[in-house]
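Engineer: Take this sequence and fold it.
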Amino acid sequence: MLVTAKALLWGAIALPSVLAFDMNYQGGRCNRDIMNGDTHLIGGGDGMDFCEQRSDYGVVINGIEVWADKDGVNGLRVRFTDGSNSPQLGRQLGDHKEASWKPDEGDLLSNIDLWGNGNGRHVGRIRLRFSSGYVFEHGKDVNGKNPFELNVGGGIMLGIAGLHSPDKVINQLTFRMLKSNIKSTEIGDLHYEEDTDAIIAQKKGIEGRIISEAHFQNNQTNGNYMDYKIEQRWSTSSKSQWSLTQTHTIGGKYTYKSSAKVLDVGVEHSFELSYSYANAAMEGGEKAEDDIRVSSASGKLDPGEEVWCRAIAQRGAYDGAFSTKIILHLDDGTTWEYDAEGKSSSIKYAQFTTTCQSERFTKEFDQAPENEVKLLEDKSTQPTKREARRLATPFSA
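Structural biologist: The predicted structure is shown next:
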């Protein structure tokens, strides 16, 4: 670690000037463009360097554990929004205190104060203030001496950096903060795991489904013909949605803006579906609006004749995983991006084709899922008794 300057003792009051430290060690992991630039480490100048951050993956800090005694801070560990913990820094000696917060719900840091231990050897005390009013504080008694106040930037803690002596103390410490507030968040292009060109060409996932069936028979003994009619209105699912795998991102709840294209199922012709790319810029990542479809057929049966009727529709369904990038735009003009993964899905039904014939149907189709189609209105002729159950409850065997 490129830290050779004299340590900060008690803070700004202990030294006439405050020295900024070079953070470009460990490949600059704790010196990202979105982190506050006026970095200062408080404490002594010995020990092994550390940098704990996951912001490269859109993960931030939401918890801290501190071990301290009368001489100062001996140990430190932080928790991240993906559920992981940093390694133990220093040692677990002295009183233990911990705190947790929810940056993705607007629980942000408003102040960070640090003290040295008074002899230039290690960190003395830590104090974190939050926008909720909560204060976390732990370390040695500093007897009213002024702390050094770090720049909290946008209030989201991205990482911690400094020096520590394993199994001893925290020698130096600073907190790496998001440099300013997030102005907007967007999603980059989506790259699907599957070959979407092949899916489109082969129309994978598009197939016929049975909506309803009925059987009519003229059993009248008076020699008269019998009219039959199917007249039904149905509601069918039409839904496109995408979501990110990460449940905790860089912090805050933001509507994602995107010019990316998700693979979507649409109606090519009235009775035929096909795939296309649809704009992903939809609020909440979901667009759902049921379609109204009609099944209709009619005819006459002479005495002793019978007819089987069936409504079929093309159903398209796609479920796929993708990789992308999340782009953050900060108030100060900084742009930052990180890798992300997600999934998208789409369901659509074409118009119904209703066919009636004098013989039973031999071609097999699966029944439409019950949660995707709903009978709204039925003005059909009452079918023959032994088939009535299928018309009234279209999904029964």
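
Engineer: what's the residue closest to the geometric middle of this structure?
Structural biologist: L244 (3.3 Å; CA atoms, centre = their mean).

Engineer: Give me the pLDDT for it.
Structural biologist: Note on L244: pLDDT of 77.

Engineer: Check R77 too.
Structural biologist: Reported pLDDT at R77 in the predicted model: 97.

Engineer: Over to it: give its phi and psi.
Structural biologist: The phi/psi pair for R77 (degrees, to the nearest 10) reads phi -150, psi 140.

Engineer: what's the burial count for it?
Structural biologist: By other CB atoms under 10 Å, the residues close to R77 number 19. In this view, the C-beta of every residue, glycine as well, is placed from N, C-alpha and C.

Engineer: list the contacts for it?
Structural biologist: 64-65, 85-89 (CB atoms under 8 Å, 6 or more residues apart in numbering).

Engineer: Surely P87 is in contact with E52?
Structural biologist: Yes - counting by CB atoms under 8 Å, P87 touches E52, with 7.4 Å between them.

Engineer: So which bits of the longest helix along the chain are buried?
Structural biologist: Ranked by number of residues, the top helix in the chain under DSSP state H is helix 196-202. In terms of neighbour count (16 or more other CB atoms under 10 Å), helix 196-202 has its buried residues at 196, 199.

Engineer: Give the rounded mean pLDDT of it.
Structural biologist: Helix 196-202 carries an average pLDDT of 87.

Engineer: Renumber starting at 26 from here on
Structural biologist: In the new numbering, first residue 26, that becomes helix 221-227.

Engineer: Sheet-wise, list the partners of whatever helix or strand comes next after it with their directions.
Structural biologist: Moving toward the C-terminus from helix 221-227, the next helix or strand (DSSP states H and E) is strand 231-242. Here strand 231-242 has these sheet partners by DSSP bridges: strand 331-355 (antiparallel), strand 391-392 (parallel).

Engineer: who's in contact with C334?
Structural biologist: 238-241, 253, 255, 322, 379-381.

Engineer: any idea what sits nearest it, other than its immediate chain neighbours?
Structural biologist: Nearest residue to C334, sequence neighbours excluded (CB to CB, 6 or more residues apart in numbering): C381, at 4.1 Å.

Engineer: ditto for L269
Structural biologist: Of all residues not flanking L269 in the chain, G367 sits nearest, at 4.3 Å (CB to CB, 6+ apart).

Engineer: got the angle between the helix or strand hosting S268 and strand 331-355?
Structural biologist: Per DSSP H and E, S268 falls inside strand 264-269. In this structure, strand 264-269 runs at an angle of 40 degrees to strand 331-355, with axes from the mean of the first three to the mean of the last three CA atoms, to 10 degrees as the basis.
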